[in-house]
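**Student:** Based on what follows, work out the 3D shape:
(2 chains)
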Amino acid sequence: MMDKPVNNRAWFLVLPVLIVVAFSAVIPLMTVVNYSVQDTFGNNQFFWNGLGWFQEVLESDRIHAALGRQLLFSAIILAIEIPLGIFIALNMPKRGFWASLVLVLMALPLLIPWNVVGTIWQVFGRVDIGLLGHTLAAMGFDYNYVNDPVDAWATIIVMDVWHWTSLVALLCYAGLQSIPDAYYQAARIDQASRWGVFRYIELPKMGGVLLIAVLLRFMDSFMIYTEPFVVTGGGPGNATTFLSIDLVKMAIGQFDLGPAAAFSLIYFLVILLISWVFYTVMTAQRETP
Amino acid sequence: MRNRSLAMGFTLAALLMLGLLAWLVLRVPSEDGVREWTGSLDPGGWMAWTFPAALFFWVIAALLLAFTWAAIRFPETPRRGALRIWTTRGDRLFISLLGSAFINLAWLGFGGTPAWGGLILSLIYAAAVFRWV
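**Tutor:** Reported below is the predicted structural model:
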């Protein structure tokens, strides 16, 4: 065996990143941990509260309800965007002028900032001046996302589908493009049906990118804040108050630093768990050390 | 030669960590000779440090340091256990810590007395992870 010289001094090159991460993540996280076990009335005066805030958050009906809404929202988003994205990717032109045009069109929604998307749909859905709201009202539908929880949910879901289905479609399209023609030729020789080609060639070959799409969409929808905040502000009532909206209300609206800190630590742990599963599942297929 | 400088470096780091712990203990405020372990370490400071939170991060830092040392001193090959994924000692530490967080939350959610009950469950869980995962 060759004895390779190891030079660990390269680790010093990581130092700048460590410093940035310390200031942007580690120090704030440490502060949040400190806040989560104490109570304050402002003025940087803190009083020990032990695990009281965690207990309060774990038993809070309000947060349970927000978590329920959040999970329902993510489930609906995945159930619509993944099949729709696959369907669009299968029907996109494979080469030539139209392929380029469709790619650009599909990428457009992804380039728009979240708050702009929210504003677009907020105006679009208004009954008095919005194209969508006015048209629906003219057709006789009783549509009003400000007063009706079902309409508010529908608006936010359609907005998210409009914003992010392209991502799923583009990822699947990339997966489809990487399938060599020989597979399709073999399928034609075997007289495979369209469904057979999809089930046994396209779907398995898309597996890797599809997994990335599912997990990206899950994590993104689980953390959604800006769009529902701009469109409905969490209303009507609490109908569209998702976890992050509730968290901001608690921390900045009510200035309940302790409960908000405990809440955000639990939220962070959930996201850490999901990210870990995401990373593990993604790398487990390829890696065999 | 390399081993010796490595040992020197980690001994120094261990001494630094012990010194840090001693300094933290000294910072704990006391009233009438009685130490108030949950009192503020830096009254008026915006990070609002208390000894329990500081000790928590100290333990995490010490674990990271110890596992770094172990990884260099006793190199290992990843193995595949009950979860059917490849893990090193560091991965198993992460799985233990993340799982422990949820075990403690669950303990708290289902009553939570005594408070250290969750910690004991977590230690059993961590031992199981290091043995079988």
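
**Student:** Strands of chain B, start to end?
**Tutor:** Assigned by DSSP state E, the strands in chain B fall at B:30-31, B:34-35, B:79-80, B:86-87.

**Student:** CSV please, covering those and showing mean neighbour count and mean pLDDT.
**Tutor:** Bear in mind the C-beta positions are built from the backbone N, C-alpha and C, glycine included. What follows is those, written out as CSV (neighbours: other CB atoms under 10 Å in any protein chain shown; pLDDT from 0 to 100):
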stretch, mean neighbour count, mean pLDDT
strand B:30-31, 9, 84
strand B:34-35, 10, 86
strand B:79-80, 12, 85
strand B:86-87, 18, 86
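
**Student:** Select, out of those, the one closest to chain A.
**Tutor:** Chain A lies closest, by CB to the nearest CB, to one member of these: strand B:86-87, at 5.8 Å.

**Student:** How about the closest one and chain A, any contact?
**Tutor:** Yes. Using CB under 8 Å from any CB of the partner chain, we find that strand B:86-87 touches chain A at residue B:86.

**Student:** That strand: partners in the sheet, and parallel or antiparallel?
**Tutor:** According to DSSP bridges, strand B:86-87 has the following sheet partners: strand B:79-80 (antiparallel).

**Student:** any idea how far residue B:99 lies from chain A?
**Tutor:** 9 Å (CB to the nearest CB, to the nearest Å).

**Student:** Go ahead and confirm that residue touches residue B:129.
**Tutor:** Yes. Here residue B:99 reaches residue B:129: they are 6.9 Å apart, a contact under CB atoms under 8 Å.

**Student:** Of the two, give the one with the bigger neighbour count.
**Tutor:** Ranked by neighbour count (other CB atoms under 10 Å in any protein chain shown), residue B:99 and residue B:129 place residue B:129 first, with 22 against 18.

**Student:** Which residue, other than its chain neighbours, is closest to that one?
**Tutor:** What sits nearest to residue B:129 in space, not counting adjacent residues and going by CB to CB, 6 or more residues apart in numbering or on different chains, is residue B:96, at 4.7 Å.

**Student:** wait, what's in contact with that neighbour?
**Tutor:** Contact partners of residue B:96, counting by CB atoms under 8 Å, 6 or more residues apart in numbering or on different chains, are B:122, B:125-126, B:129-130.

**Student:** Could I have the buried ones of those residues as ChimeraX selection syntax?
**Tutor:** Those of the contacts of residue B:96 that count as buried under 16 or more other CB atoms under 10 Å in any protein chain shown are selected in ChimeraX with:
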select /B:122,125,126,129
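
**Student:** out of the contacts of residue B:96, which one sits closest to residue A:51?
**Tutor:** residue B:122 (14.4 Å; CB to CB).

**Student:** So for the closest one, what's the nearest residue that isn't a sequence neighbour?
**Tutor:** residue B:100 (3.6 Å).

**Student:** cool, and residue A:166?
**Tutor:** Take residue A:166 and drop its neighbours on the chain: the residue closest to it by CB to CB, 6+ apart is residue A:106, 4.5 Å away.

**Student:** Check residue A:62 too.
**Tutor:** Counting by CB to CB, 6+ apart, the residue nearest residue A:62 is residue A:246, at 7.0 Å.

**Student:** just residue B:107 next, same as before
**Tutor:** residue B:118 (3.2 Å).

**Student:** try residue B:63
**Tutor:** Closest to residue B:63 by CB to CB, 6+ apart is residue B:93, at 6.5 Å.

**Student:** picking up where we left off before, surely the residue nearest to residue B:107 and residue B:111 touch.
**Tutor:** No. Using CB under 8 Å, residue B:118 makes no contact with residue B:111, being 10.4 Å away.

**Student:** More neighbours: those two, which one.
**Tutor:** residue B:118 (22 against 9).

**Student:** Which pLDDT value goes with that one?
**Tutor:** According to the predicted model, the pLDDT of residue B:118 comes to 88.

**Student:** now do residue A:46
**Tutor:** Residue-level pLDDT assigned to residue A:46 equals 86.

**Student:** who touches it in this structure?
**Tutor:** For residue A:46, the contacting residues are A:34-35, A:38-40, B:40, B:48, B:50, by CB under 8 Å, 6+ apart.

**Student:** for chain A, what are the nearby residues on chain B?
**Tutor:** With CB under 8 Å from any CB as the criterion, chain B comes near chain A at residues B:38-40, B:44-50, B:52-53, B:56-57, B:77-78, B:84-86, B:94, B:98, B:101-102, B:105, B:108-109, B:112, B:115.

**Student:** and these, which of them are in helices?
**Tutor:** Residues of those located in helices (DSSP state H): B:52-53, B:56-57, B:94, B:98, B:101-102, B:105, B:108-109.

**Student:** does residue A:228 sit in a helix or strand, and which one?
**Tutor:** Element membership for residue A:228, per DSSP states H and E: helix A:226-231.

**Student:** I'd like the next helix or strand past that helix.
**Tutor:** Scanning forward in sequence from helix A:226-231 by DSSP H and E, the next helix or strand is helix A:243-248.

**Student:** just to revisit the earlier point, give me the buried positions along the helix holding residue A:228.
**Tutor:** By neighbour count on 16+ other CB under 10 Å, the buried set for helix A:226-231 is A:227-231.

**Student:** got the contact list for that helix?
**Tutor:** A:114-115, A:117-119, A:121-122, A:125, A:145, A:152, A:155-156, A:159-160, A:163, A:234, A:240, A:242, A:245, A:248.

**Student:** So what's the model's average confidence on it?
**Tutor:** If you average the pLDDT over helix A:226-231, you get 89.
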